[in-house]
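1. Need coordinates for the below:
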Amino acid sequence: MSGSAVEGLRDLVATGTWTHEPQAAGFDGDVFRVTAVEGSDAWTTSYGFVHDSEHALLRPTDGSFSVEASFVLDYAEQFDQAGVFLRVDERTWVKAGVEYSDGTPQLGAVVTRDVSDWSVAPVPEWAGRVVTVRASRDGDAVTVRAWADGEEPRLVRVAYLDPEAVVSAGLLCAGPTRAGLTVSFTGLRVGAQDEALH
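-> Residues are numbered from 1 along each chain as shown. Model (predicted):
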């Protein structure tokens, strides 16, 4: 990937569009801090529980690509979340990142095609560290990987996405259950898709 992660973050902030405006967003040196609105989230079920209020700063992509966002995992209240977001429309999207749930940080992904699902795995050892979440789109698949600084990437999810779909991608945060969540993003990169699944 070309350019630094901080340059990529500044470029997204300059050219991207919010799905829903956060309470506040701005740079503090090289860190982009985003404060979520209480009740913000992205989630859809078949029984009518719908949240379409996440804070995702997105830019259109073309063909195959990867997007990765880095942030400080220093939040610790129920359903606080940060990561990456790939959006086709209000009924088709993927979010991946770390969400605080049941007393611990959970690494996971939500894939929505009319209704949402959620896969999670606890990562308590990542608390207080810089985490990077990466989504790579190639053909009809999105591959999600993530890691904390000093670790190797781990595979999180492989999900179907219509190869003809037009996708916007970027960073995400949301605070479903409280006011005052501020996520510190330290970098963003958009580049070529991953060469292999493994």
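
2. Please identify the buried residues of stretch 131-138?
-> Using 16 or more other C-beta atoms under 10 Å as the test for burial, stretch 131-138 gives 131, 132, 133, 134, 135, 136, 137, 138. Just so you know, the C-beta spots here come from the backbone N, C-alpha and C atoms, and that holds for glycine as well.

3. How far away from the center of its chain is it?
-> Remark: stretch 131-138 is offset 9 Å from the chain centroid, using C-alpha atoms, centre = their mean, to the nearest Å.

4. could we number from 3 for the rest of this?
-> From this message on, residue numbering opens at 3, which makes the last subject stretch 133-140.

5. what comes into contact with it?
-> For stretch 133-140, contacts defined as C-beta atoms under 8 Å, 6 or more residues apart in numbering pick out 63, 66-75, 85-86, 88, 96, 98-100, 144-151, 155, 158, 163, 169, 171, 189, 195-196.

6. Out of the residues you listed, which end up buried?
-> Looks like the contacts of stretch 133-140 have 63, 67-75, 85-86, 88, 96, 98-100, 144-150, 158, 163, 169, 171, 189, 195-196 buried, using 16+ other C-beta under 10 Å.

7. Now intersect the residues you listed with the strands, please.
-> When DSSP state E defines the strands, the subset of the buried ones among the contacts of stretch 133-140 inside them is 67-74, 85-86, 88, 96, 98-100, 144-150, 158, 171, 189.

8. What segments of the protein are helices?
-> 7-17 (DSSP state H).

9. Pass me the low-pLDDT residue ranges in it, would you?
-> In the predicted model, the chain carries pLDDT under 70 at residues 3-5, 199-200.

10. ok, now with 50
-> 3-4 (pLDDT under 50).

11. so the residue nearest the centre of it bridges to which residues?
-> Taking C-alpha atoms, centre = their mean, the centroid of the chain lies closest to residue 86, which sits 1.8 Å from it. Beta bridges link residue 86 to residue 98, residue 173, judged by DSSP bridges.

12. you'd agree it is up against residue 174?
-> Yes. Under the criterion of C-beta atoms under 8 Å, residue 86 makes contact with residue 174 at 6.1 Å.
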